[in-house]
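Enquirer: Structure for this input, please:
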Amino acid sequence: MLQLAIIGTNWISEKFARAALQTEQFVIKGVYSRALDKARAFGEPLGATLFIDSLEELAASKEIDAVYIASPNSLHSAQAIQMMEAGKHVICEKPMASNLAQVESMLEVAKANNVVLMEAFKTAYLPNFIEAKKALANLGRLHKAHLTYCQYSSRYQKYLDGENPNTFNPEFSNGSIMDIGFYSVAAAVELFGAPTQIQASAHLLESGVDAHGSVLLRYPEFDVTLSHSKVSNSYSTSEIQGEEGSLILPDFSECLGFDLYARSGERTHFETEQVENSMMYEAKAFASMILKGEMDEHATQRSLTIAHIITEVRRQTGVVFPADAAS
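Expert: Model prediction:
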């Protein structure tokens, strides 16, 4: 069994920890938090026995094989590099880092230390999304796609009230394209690969991060438009259009099924059974890479392309992070 440590004690950390346990390939060995009482309260129900408030101590521990990082985006790179240089495998919550340069550096460190580095983009590993990707072959020649993910942030009202929550703070490399737009960018990369051209627009808040925006990804024979927002909800679906039909994806986050429309208008619904905790599939993929002793080259290239697109989108829309100056 692989001994896993968790950096971060938020809800997504607990969900991933339980997903890791569900694979039956991990045990939760340790939890890091700046507050030991938080580490203990988080980790004891998961079976953890090692509670740490020092990253140096965590990196040096001989009892840990791998680390899941769910700290603020701006901390991902330094924490991952510290763990990998100590010989630990790392799965880093999305987005992997603040910008492309950081992602490149992280991958270089992973290679130099012969460890696995994986970005936690769970959608790519969901059975229904995998089937949807296969179903693109039924659409014929592709011409258009619109991928949307808009979700009103529970912390937006705090921002409007004059507070400065992390989710709208450039110090933590946050904002709409990083937190929400990531899903549509990553889905486009997984489905279509790297674009030949990127055009972006966004509305920026006074804090300096984007509240919402749009991205156009150009491919040799078709265009993909992306919509993202942290200040509004979307109830529409994503759609991919080809000469022989269209594919409708209702939700990237969970991807519980999809609809395939023939050119005649005939609809076929596809739905493969998935476990309730959708993070289990990415946890299983992470364990597989570790046990094989090698990274998935497709996943590595996907992370590089995602980082390239998001970094370019920020450049075009004027979203600058303090982390950019240090990269």
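Enquirer: What helix or strand is I28 located in?
Expert: strand 26-32 (DSSP states H and E).
Enquirer: other SSEs contacting that strand?
Expert: With contacts taken as 3 or more CB pairs under 8 Å, 6 or more residues apart in numbering; DSSP states H and E, strand 26-32 sits against strand 2-7, helix 11-22, helix 36-43, strand 50-52, helix 55-60. Where you see a C-beta, it was placed from the backbone N, CA and C, and this is true even at glycine.
Enquirer: in the third one, what's buried?
Expert: So that's helix 36-43. 39, 42-43 (16 or more other CB atoms under 10 Å).
Enquirer: the inter-axis angle of it versus strand 2-7?
Expert: 130 degrees (axes from the mean of the first three to the mean of the last three CA atoms, to 10 degrees).
Enquirer: what's the neighbour count on G265?
Expert: For G265, the count of nearby residues is 8 (other CB atoms under 10 Å).
Enquirer: Tell me the span between the first and last residue of stretch 12-31.
Expert: 14 Å (CA to CA, to the nearest Å).
Enquirer: all helices for the stretch 201-327 of the chain, in order.
Expert: 280-292, 297-317, 322-325 (DSSP state H, counting those that start in this stretch).
Enquirer: The residue nearest to the spatial centre of the chain: what's it in contact with?
Expert: Geometric centre of the chain, nearest residue: K94, 2.9 Å, by CA atoms, centre = their mean. By CB atoms under 8 Å, 6 or more residues apart in numbering, the contact set of K94 is 119-121, 182, 186.
Enquirer: low-scoring stretches of the stretch 101-250 of the chain, by residue?
Expert: For the stretch 101-250 of the chain, no stretch is flagged by pLDDT under 70.
Enquirer: Inside helices: which ones of the contacts of K94?
Expert: 182, 186 (DSSP state H).
Enquirer: Adding neighbour count, write the contacts of K94 out as a markdown table.
Expert: As requested, the contacts of K94 are exported to a markdown table (neighbours: other CB atoms under 10 Å):
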| residue | neighbour count |
| --- | --- |
| E119 | 27 |
| A120 | 21 |
| F121 | 24 |
| F182 | 23 |
| A186 | 26 |
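Enquirer: I'd like to know which of the contacts of K94 is nearest to G213.
Expert: F182 (12.2 Å; CB to CB).
Enquirer: for that closest one, what are its contacts?
Expert: With CB under 8 Å, 6+ apart, F182 has these contacts: 94-95, 121, 306, 310.
Enquirer: for stretch 30-38, how far is the first residue from the last?
Expert: 12 Å.
Enquirer: what residues does that stretch touch?
Expert: 3-9, 39-40, 42-43, 46, 48-53, 55, 58, 61, 63-64.
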